[in-house]
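Chemist: Kindly generate the corresponding structure for this input.
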Amino acid sequence: VNLFLGRDSGLANLLLTRSGTSVQTLKAVVYWRDVPTKNIMRAESFTASGQPIAQVMASNAEAWETSLLFVNNIEADQYNGLDADTTNDGNRVIGVKIRARLKTDRIDPAVNNGQAVYRWYEWRIAPRNLLYEKNRLN
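Modeler: Numbers count the residues shown, from 1 in each chain. Predicted structure coming up:
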C-alpha cells in the first residue's frame, strides 16, 4: 500500500472512512522510451516482482516529450498540489500526452533527396470516464 510502481503512494492504508477517498480498482498503464533501442514502450501488466511486461508501441523514436493533461485544457510537465496554482493539482489530472519524433525505417533516393524522413506523432491517453467521475464528485 505504501508503494505504487516503486514510488511512495502517499497511502498509509486502505481503510474506508465516510469523508475519505479510497482506491477501489486500479489498472496501471506505463509508457516510456527505451533509449538504447529508440523504442516507445507500453506495459499494462507486470511480473510478480513488479517489473513491467513491455510491448513496443513505436520504433525509431529520435525524440520524446511527455506532459500531463488537466481539466480546462491545462497542460504541464508535472503536477504540484503545494503551490498557489490550483490548475495543476493532482486531483485535476485527466490524462497524459506523449509526443515522439519518429524516423523512417527505410531511405529512398527519390524521397527527400535520399535523406531520412522525420515526423512528429502525438498520443493523448486518458482513462475512460475519468473526467465524468471528476465532474460527478464536484
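Chemist: Tell me which residue is most central in the chain.
Modeler: Nearest to the mean C-alpha position of the chain, counting by Cα atoms, centre = their mean, stands residue 96 at 4.7 Å.
Chemist: Now it. Nearest residue, chain neighbours left out?
Modeler: In this structure, residue 96 finds its nearest non-sequential neighbour in residue 125, 5.3 Å apart by Cβ to Cβ, 6 or more residues apart in numbering. C-beta: built from backbone N, CA, C; applies to glycine.
Chemist: which residues touch the one you found?
Modeler: Contact partners of residue 125, counting by Cβ atoms under 8 Å, 6 or more residues apart in numbering, are 29, 31, 95-98.
Chemist: With residue 87 instead?
Modeler: 70, 72, 74.
Chemist: Tell me if I'm right that residue 74 and residue 86 touch.
Modeler: No - judged on Cβ atoms under 8 Å, residue 74 makes no contact with residue 86 at a distance of 10.1 Å.
Chemist: for this protein, what spans make up the helices?
Modeler: Ranges of helices in the chain, per DSSP state H, are 130-137.
Chemist: picking that back up, how close does the residue nearest to the centre of the chain sit to residue 36?
Modeler: Going from residue 96 to residue 36 by Cβ to Cβ, to the nearest Å gives 23 Å.
Chemist: Next: residue 124.
Modeler: With Cβ to Cβ as the criterion, residue 124 and residue 36 are 27 Å apart.
Chemist: Between these two, point out the one with more neighbours.
Modeler: Per other Cβ atoms under 10 Å, whichever of residue 124 and residue 36 has more neighbours is residue 124, with 12 against 5.
Chemist: Much appreciated, bye for now.
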